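[1] predicted coordinates and the sequence they were generated for:
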Amino acid sequence: MNLGRLLYRPQSYRLFASPSSLKSNTSINRTAIFSAAGNRGLSSLTQHDLRGKTIQQFGHHLVRKYSGLNAQEFARNRKTTQRKDNMASKITEWVKPGDKSGEFKRPESSFRNWISKEPGAQFPPEKGRYHLYVSYACPWAHRTLIARKLKGLEDFISFSVVHWHMGEKGWRFPTPSDTDAEGESVIPDPLPRHEGYTHLRQLYFGVNPDYSGRFTVPVLFDKKANTIVNNESSEILRMLGSVFNDQLPAEFASVDLYPEALRAAIDEAGTWTYDAINNGVYKSGFATTQEAYERNVLALFEALDRVEAVLAENEKKGKGPFFFGETLTETDIRLFVTIVRFDPVYVQHFKCNIRDIRSGYPRIHKWLRHLYWNVPAFQDTTNFLHIKNHYTKSHTQINPHSIAPVGPLPDILPLGREVASVEALR
Ligand SMILES: N[C@@H](CCC(=O)N[C@@H](CS)C(=O)NCC(=O)O)C(=O)O
């Protein structure tokens, strides 16, 4: 019996709720059920009980057995839960229906705790304690994977990757039968107590049954406390940059992605590059009015011009190869994850096509290729298969037939090779 699928049927998941969550005034959702089931050892019991039977046959029996709810209370809870589930399932509504601005508005991330070495901290920097849930497609998650590698944290923080396809229930965990999503750690949810999880949303609901935000990656997860530490990539990036330093060999402890002397400059660059570039591609691509699209795409290209100008100035002064010269910083990571997706996806899928990077921004192109080809943490964490398929096959409001364009080929040019029109003039 596929427990995971079972759990997704509204009439079934209620069976996994604990008596207390079923009785409480707050609405139940499947999360309560997962956590309750996990905590109370109900999931194995119900799997056993349900073998060979239909849920409907068992529904009232189990509800009576575990919840003590009467029929009326059960019906009330069921209604609330279904309403909540319907609300939560509108994953693909990037612009709220009825929002006349046509503008994509990215919500704030919800879990904002920090791993900290302060005495008595809730989340101390213990080796092996934390796990990263990421998507190779997602630029925000990509930031954290790069930092993990650059800081040599492979043995400190495990990671797993969701399938690239985001359907109406959001990110899903790969199954052993998925053969179209190669990549390191593209595996089902590997954590104990998560048996039967099919979708990332279960992780969120498992931690907070009343969670009402989006089910985003990256998620930094505490395996010991079975809870989410943080789901905001800029904060995870910052944390990984220093919090394990005491336990790292000197070569990794000395990698400083947020050096004291550059902090103000990094913060300043972070503000405009986030708004106009990292988020700007989404605001251009998800816009539902011509005005919103044009406003955002113009701001995006102005910001790219500004990055190009910074790099040109560096070049004049003999500085480089990074955004701030000799030092690789957060700014490089935050820009890289958007720029490396630019030609393969954003130019066509998000209509960010005033120029592309390879033919329109020579210095950004050089900076990009230096990171990709010369710094392994960048190439090793970049998976174009996931990147190209995710956007074009998940955003059906933009690309209803889910056809993933073949080009541009190659996804990124090798070092020393330029676009054909430049090569022809050499
Ligand atoms: N502010 C978040 C944004 C993360 C985010 O939006 N991730 C996207 C993938 S690129 C996601 O998981 N979206 C799922 C959804 O919104 O339903 C961060 O930087 O960590």
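    Done, it's in.
[2] state the distance from R341 to H390.
    Using CB to CB, to the nearest Å, R341 is found at 10 Å from H390. The C-beta positions use only the backbone N, C-alpha and C, and glycine is treated the same way.
[3] any idea which element I236 lies in?
    helix 233-240 (DSSP states H and E).
[4] and that helix, what does it pack onto?
    helix 139-150, helix 330-341 (3 or more CB pairs under 8 Å, 6 or more residues apart in numbering; DSSP states H and E).
[5] including mean pLDDT, could these go into TSV?
    Formatted as TSV, the helices and strands packed on helix 233-240 follow (pLDDT from 0 to 100):
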stretch	mean pLDDT
helix 139-150	98
helix 330-341	98
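[6] for the ligand, which of those helices is the nearest?
    helix 139-150 (3.5 Å; CB to the nearest ligand atom).
[7] what does the closest one rub up against?
    Contact with helix 139-150 is made by 132, 134-136, 153-154, 157, 159, 216-218, 220, 233-234, 236-237, 240-241, 255, 257, 278, 328, 333-334, 336-338, 341, 375-378, 380-382, as judged by CB atoms under 8 Å, 6 or more residues apart in numbering.
[8] does that helix reach the ligand?
    Yes. Against the ligand, helix 139-150 shows contacts by CB under 6 Å from any ligand atom at W140.
[9] now do stretch 166-179
    Yes. Stretch 166-179 is in contact with the ligand by CB under 6 Å from any ligand atom, via G170.
[10] buried sites along stretch 382-390?
    Of the residues in stretch 382-390, 382-390 count as buried by neighbour count, 16 or more other CB atoms under 10 Å.
[11] got the contact list for the residue positioned nearest the centre of the chain?
    Nearest to the mean C-alpha position of the chain, by CA atoms, centre = their mean, lies V217 at 2.3 Å. Counting by CB under 8 Å, 6+ apart, V217 touches 133-135, 138, 140-141, 162, 171, 200, 231.
[12] what angle separates the lengthiest helix in the chain from helix 330-341?
    Counting residues, the longest helix in the chain under DSSP state H turns out to be helix 290-316. Angle, helix 290-316 to helix 330-341, by axes from the mean of the first three to the mean of the last three CA atoms, to 10 degrees: 120 degrees.
[13] packing partners of helix 290-316?
    helix 263-273, helix 280-286, helix 362-374.
[14] of all these, which gets the most neighbours per residue?
    helix 280-286 (a mean of 23; mean count of other CB atoms under 10 Å).
[15] part of a strand, is S158?
    Yes. Under the criterion used here (DSSP: H, G, I helix; E, B strand; the rest coil), S158 sits inside a strand.
[16] cool, thanks, talk later.
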